[in-house]
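# starting from these lines, generate the structure:
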Amino acid sequence: MSRGLLVTSDEKLVRKAQANDLGRFVSAPEQLDSTMRAADLAAIPESTIVDVARLAELVDVTRDALHPSGRASKLTDLEPLFTSPAYLRLGQVLGKLPEEDLGYLVALGWLGRLYEVDDWPRLVIQARQLVSEGFGKQRIYIIAQMPYVRDGLLKLRSSVSEA
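Model (predicted):
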């Protein structure tokens, strides 16, 4: 089924759809923000998010072991990180994802790092623009956002449960 959403002012239709477990496909205009966030949560398989978060944690552990001070003085100091098994595997996983899924992951990373849930629609648009340039071109930057995906997902989930 497509990821379409019917926005309607017909309250009866919205209630019936929600009562029949079709609420994710129908929304009233005033529910649109929370409905969009809920639909976005379902956009990427949970297993993909778990794999990316796990690999990102391994990349962080590797980086911390290589640079206990937390900073590399120059990009060449990061070469051992860029060739580590965890980094290479994370790059492989991300490189195989559809562009739309990769965009959601980048947006989740930004959300977990710097932004609030109200910024979500804009983050998704900007992340899609970024990944449209190609994963290879933005590889280092995209991978650097992945440690924050889990926090972004928690923010998004809490906003949906509050709505």
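
# ok, the residue positioned nearest the centre of the chain - contacts?
Nearest to the mean C-alpha position of the chain, by Cα atoms, centre = their mean, lies Leu105 at 2.4 Å. Each residue near Leu105 by Cβ atoms under 8 Å, 6 or more residues apart in numbering is listed here: 44, 49, 52, 94, 97, 127, 142, 145-146, 149. Placement of C-beta: from N, CA and C, glycine included.

# ok, now Pro147?
Contacts of Pro147 (Cβ under 8 Å, 6+ apart): 56-57, 59-60, 109.

# and the residues you listed, which of them are buried?
Buried members of the contacts of Pro147, scored by 16 or more other Cβ atoms under 10 Å, are 56, 59, 109.

# would you confirm that the first one contacts Val93?
No: taking Cβ atoms under 8 Å as the contact criterion, Ala56 and Val93 are not neighbours in contact, 10.0 Å apart.

# ok so, going back, can you tell me which of the contacts of Pro147 are in strands?
Residues of those located in strands (DSSP state E): none.

# out of these, which is nearest to Leu75?
Closest approach to Leu75 among these (Cβ to Cβ): Val59, at 15.9 Å.

# follow-up on the earlier one: pLDDT and distance to Lys137 for the buried ones among the contacts of Pro147 - can I get that in TSV?
As requested, these are exported to TSV (pLDDT from 0 to 100; distance: Cβ to Cβ, whole Å):
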residue	pLDDT	distance to Lys137
Ala56	95	20
Val59	94	20
Gly109	95	17
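
# could you count how many residues lie near Tyr148?
Tyr148: 20 surrounding residues under other Cβ atoms under 10 Å.

# what separation do you get for it and Ala107?
In this view, Tyr148 and Ala107 are 11 Å apart by Cβ to Cβ, to the nearest Å.

# ranges for the helices of this structure?
With helices called from DSSP state H, the chain shows them at 11-19, 32-41, 46-66, 79-82, 85-96, 99-113, 120-132, 135-145, 149-162.

# so which bits of the longest one are buried?
What that stands for is helix 46-66. 48-49, 52-53, 55-56, 59, 62-63.

# same thing with the last one?
For helix 149-162, the neighbour count (16+ other Cβ under 10 Å) marks 149-150, 152-153, 155-156, 159-160 as buried.
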